[in-house]
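Visitor: task: produce atomic coordinates for the following.
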Amino acid sequence: MSISKTIIVSAFMTLFCLSAQAQDKCCGDKECCEEAQALGYKPYPYGFIQVQGGVGTTFTDVNFTDLLSPTASVGFGAWFNSAVGARLHFNAWESKGGFNKWVNSNAGLQTYKYNYATADFDLMLNLTNFFSKKRNNFFNLILVGGVGMNYAWNNDDLQAIVTNPNMVPANSTINAWGEGTTRETLLNHNLRAGLLFDFNVAKHWNIGLEVDANSLDDRFNSKYLDSDDWMVTAQLSLTYKFGFKKPCKHEPAPVVVAPVPEPAPVVVPEPEPEPVVVPEPEPVKVVEEPYRDVLFYVIRGSEIDPQAIINAAAAWCKKYPSKTLEVSGYADKGTGNAQLNKMYSEQRVNNVVESLKKAGVPASQIKAQAFGDSVQPFAENDKNRCVILEGKL
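Guide: Purely as a prediction, here's the structure:
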């Protein structure tokens, strides 16, 4: 096996081993679940259809810039998780070969065109996601490695050159594709390694640039040079993504709120009667106490739990009808955006106010306000999904 084939096969096997070891880092992970919930879908796995177009050239004994030709591709594949994917890739159009050395002439460079089609199975490794804590990145550097077959045909241009007695090429073309000097067709191997610079511009769309190096049989360009022929392609890509799954759920640990104890009654001893005058008993003094409690919520939640907090707040309002109960709603800054978090805090406040009214608290005794994520009353991010009930004296 030639050195070039050994290098590409080694790269392909390395990609395969890394792919086999890669795992979806989001399984049971709280941050990944929150990322998926913020997006509204899981960023991986998904299927894709890809179209590409650009230029290709071969590296032989002729300057590669003289052999630039159009090329196009279409691919069908899937990303199984955030690091590993695979595709079927079909690349085809036109390639060039050339001669600049002649046995009996100084004619200079002469090029000839022919058509080709390549079908490959590619493994794909997302290097960005392999080393990143996030899974939904705007830019992804993707390593590509594949194997396949190449078919070449329509080599009439070369036939016209080699049959011209006034222009005998110095390179060997005998039996390159077929018997004698006839130009037939060629079926040969293709080994590939490349990089895809991919940009995640929308949920269903990616754009990018892919550069691939393809190792083909020595006969691909119809000349024997005792080494593999190399074809390099550079193509812009447009990818449509589909088949996303719904976001995962990560239920936080339940928050246990201790019930608010009833205030102990204050007992004032009756004064001892005097021998002659019996004084009137002093009025019982009632000690006023403020009230404060907190309702906590899951992500995007607005349901009230436990109901005991609403009952305790309603009891305080009935006990102090001249006082105001402040109901303040919040949302955590670590998820969502300011607009959504404002909406969630308003939903939570409205639900609490309606529950208080149903418990007999008049609307005039309630002061409600929603802060969204503009205020974070707690240092721990998850606790800021809350409503604080506070009665001041």
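Visitor: mind listing the strands for the stretch 51-200 of the chain?
Guide: In the stretch 51-200 of the chain, the segments counted as strands under DSSP state E, counting those that start in this stretch are 69-79, 84-99, 110-126, 139-153, 186-200.
Visitor: now the first one: mean pLDDT?
Guide: Taken as a whole, strand 69-79 has an average pLDDT of 96.
Visitor: now the longest one
Guide: For strand 110-126, the per-residue pLDDT values average out at 93.
Visitor: over to the last one?
Guide: Confidence for strand 186-200, expressed as mean pLDDT, is 93.
Visitor: so which bits of it are buried?
Guide: 186, 188, 190-196, 198, 200 (16 or more other C-beta atoms under 10 Å). From N, CA and C alone the C-beta is placed, and that goes for glycine too.
Visitor: tally of neighbours for F64?
Guide: 15 (other C-beta atoms under 10 Å).
Visitor: dump the residue contacts of it.
Guide: Going by C-beta atoms under 8 Å, 6 or more residues apart in numbering, F64 touches 57-58, 232.
Visitor: 10 Å instead?
Guide: Each residue near F64 by C-beta atoms under 10 Å, 6 or more residues apart in numbering is listed here: 56-58, 96, 230-232.
Visitor: highest neighbour count among these?
Guide: That'd be M231 among the contacts of F64, by other C-beta under 10 Å, with 27 neighbours.
Visitor: quick one: contacts for that residue?
Guide: M231 touches 56-60, 64, 67, 69, 71, 91, 95, 116, 118, 150, 190, 192, 212-216, 220-221, counting by C-beta under 10 Å, 6+ apart.
Visitor: and those residues, which of them are buried?
Guide: 56-60, 67, 69, 71, 91, 95, 116, 118, 150, 190, 192, 212-216, 220-221.
Visitor: need the three-state assignment for E272.
Guide: Secondary structure, DSSP: H, G, I helix; E, B strand; the rest coil: E272 is coil.
Visitor: any idea how far it is from A92?
Guide: As judged by C-beta to C-beta, to the nearest Å, E272 and A92 stand 112 Å apart.
Visitor: do the same with V74
Guide: Taking C-beta to C-beta as the measure, V74 falls 9 Å from A92.
Visitor: same check, this time on I142
Guide: 22 Å.
Visitor: who's more crowded, these two?
Guide: Using other C-beta under 10 Å as the criterion, I142 and A92 rank with I142 on top: 21 against 16.
Visitor: A36 touches C248, doesn't it?
Guide: Yes: in terms of C-beta atoms under 10 Å, A36 counts as a neighbour of C248; the distance is 5.7 Å.
Visitor: and those two? Which one has more around it.
Guide: Remark: of A36 and C248, A36 carries more neighbours, 24 against 17, as counted by other C-beta under 10 Å.
Visitor: which SS class is the more buried one?
Guide: Secondary structure of A36, per three-state DSSP, is helix.
Visitor: excluding chain neighbours, what is closest to it?
Guide: P247 (3.7 Å; C-beta to C-beta, 6 or more residues apart in numbering).
Visitor: again with R192
Guide: Leaving aside its sequence neighbours, R192 sits nearest to G146 (C-beta to C-beta, 6+ apart; 4.3 Å).
Visitor: got it, and W79?
Guide: Per C-beta to C-beta, 6+ apart, closest to W79 is G85, 3.9 Å.
Visitor: dump the residue contacts of the one you found.
Guide: Counting by C-beta under 10 Å, 6+ apart, the residues that G85 touches are 19, 44-48, 77-79, 122-126, 142, 144.
Visitor: so what does the lengthiest helix in the chain touch, helix or strand wise?
Guide: If you go by DSSP state H, the chain has its longest helix at helix 338-358. When contacts are defined as 3 or more C-beta pairs under 10 Å, 6 or more residues apart in numbering; DSSP states H and E, helix 338-358 packs onto strand 291-296, helix 307-319, strand 325-329, strand 366-370, strand 386-391.
Visitor: just grab the bridge partners of A234 for me.
Guide: V55, V211 (DSSP bridges).
Visitor: I'd say it and S69 touch.
Guide: No: A234 is beyond contact range of S69, at 11.8 Å (criterion: C-beta under 10 Å).
Visitor: nearest residue to M343 in space, please, no chain neighbours.
Guide: Closest to M343 by C-beta to C-beta, 6+ apart is G372, at 8.0 Å.
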